[in-house]
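Participant: here is a sequence together with a model predicted from it:
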Amino acid sequence: MGVVTTKAIVFSAIKYGDTSLIVKCFTQEEGIKSYLIKGVLKTKKGRLKAAYFQPLTQLQLTANHNSRGTLNSIKEAHVIHPYENIPMDIVKQTIVLFLSEILSGIIQEEEKNMALYEYIETALIWLDTHTTIANFHLLFLLNLSRFLGFYPDISNKDAGGFNLLEGSFTSLSYEKLTLTGSELMLFKKLLGINFDGIHTISFNKNERQVILKIIIRYFELHLEGFKKPKSLDVLETVFS
């Protein structure tokens, strides 16, 4: 495979031994890659710093990519979109931890996906630079489903129910896994909105928790092996 230069978004970093990290990144050129970064927790003099590998940091990497299934190594890295507000804002930090856990769990492909990469990259810059962000994670996840192949089919949007399993609106509102009533109204508020329209959506904390549970259930039904994120409780605490 050889040496590759690529943009990358850090999904996770796990301590390995006393001084090293195993870092999982979503690279622009080759999808998911994992790297062993030796000694990075021990020295402050090296070219690679532990601070580069915080969740959802955006990097430019020069790396050695091996054959599949083995850990790769990073020769050089630098931060290309230094966040100005995320590190200082506990709510934004919590959102980032939550989304990094979800992304790390669901994106596994070792292949290029430019549209998905650009979506995540742009969304994170938006989060860093805006203040109306209480519903950001809801919209991020729902719009992420478009890139994963199960965005809700809105062709029959005026029907009285939404079937989570089918991913489409239905008049058979008595079926299992069908949203109706107030849950349906909350869900519909998010459909067709991009981040710049997020200020038009208002949820109170209870509604936000309801809609998040709906979206997580939707992901569970459409992604095999999807696990409810451990950071969900922290997120709910921050927004309570």
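Facilitator: Arrived safely, thanks for sending.

Participant: per-residue pLDDT of G46, please?
Facilitator: Looking at G46, its pLDDT reads 71.

Participant: contacting residues for it?
Facilitator: 39-40 (CB atoms under 8 Å, 6 or more residues apart in numbering). Yep, even glycine has a C-beta here, placed from its N, CA and C like the rest.

Participant: tell me how far it lies from L61.
Facilitator: 15 Å (CB to CB, to the nearest Å).

Participant: and the strands in the chain?
Facilitator: Per DSSP state E, the chain carries strands over the ranges 2-16, 20-27, 31-37, 58-65, 73-79, 161-163, 168-170, 178-179.

Participant: specify the angle between the third one and strand 20-27 in degrees.
Facilitator: So that's strand 31-37. 160 degrees (axes from the mean of the first three to the mean of the last three CA atoms, to 10 degrees).

Participant: ok, back up a step: adding mean pLDDT and mean neighbour count, write the strands of the chain out as JSON lines.
Facilitator: Converted to JSON lines, those look like this (pLDDT from 0 to 100; neighbours: other CB atoms under 10 Å):
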{"stretch": "strand 2-16", "mean pLDDT": "94", "mean neighbour count": "17"}
{"stretch": "strand 20-27", "mean pLDDT": "95", "mean neighbour count": "22"}
{"stretch": "strand 31-37", "mean pLDDT": "93", "mean neighbour count": "20"}
{"stretch": "strand 58-65", "mean pLDDT": "94", "mean neighbour count": "19"}
{"stretch": "strand 73-79", "mean pLDDT": "93", "mean neighbour count": "16"}
{"stretch": "strand 161-163", "mean pLDDT": "95", "mean neighbour count": "22"}
{"stretch": "strand 168-170", "mean pLDDT": "95", "mean neighbour count": "19"}
{"stretch": "strand 178-179", "mean pLDDT": "94", "mean neighbour count": "21"}
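
Participant: tell me the domain boundaries of the protein?
Facilitator: 2-79, 86-238 (automatic domain parsing).

Participant: rank those by pLDDT, which is bottom?
Facilitator: domain 2-79 has the lowest average pLDDT among the domains of the chain, namely a mean of 90.
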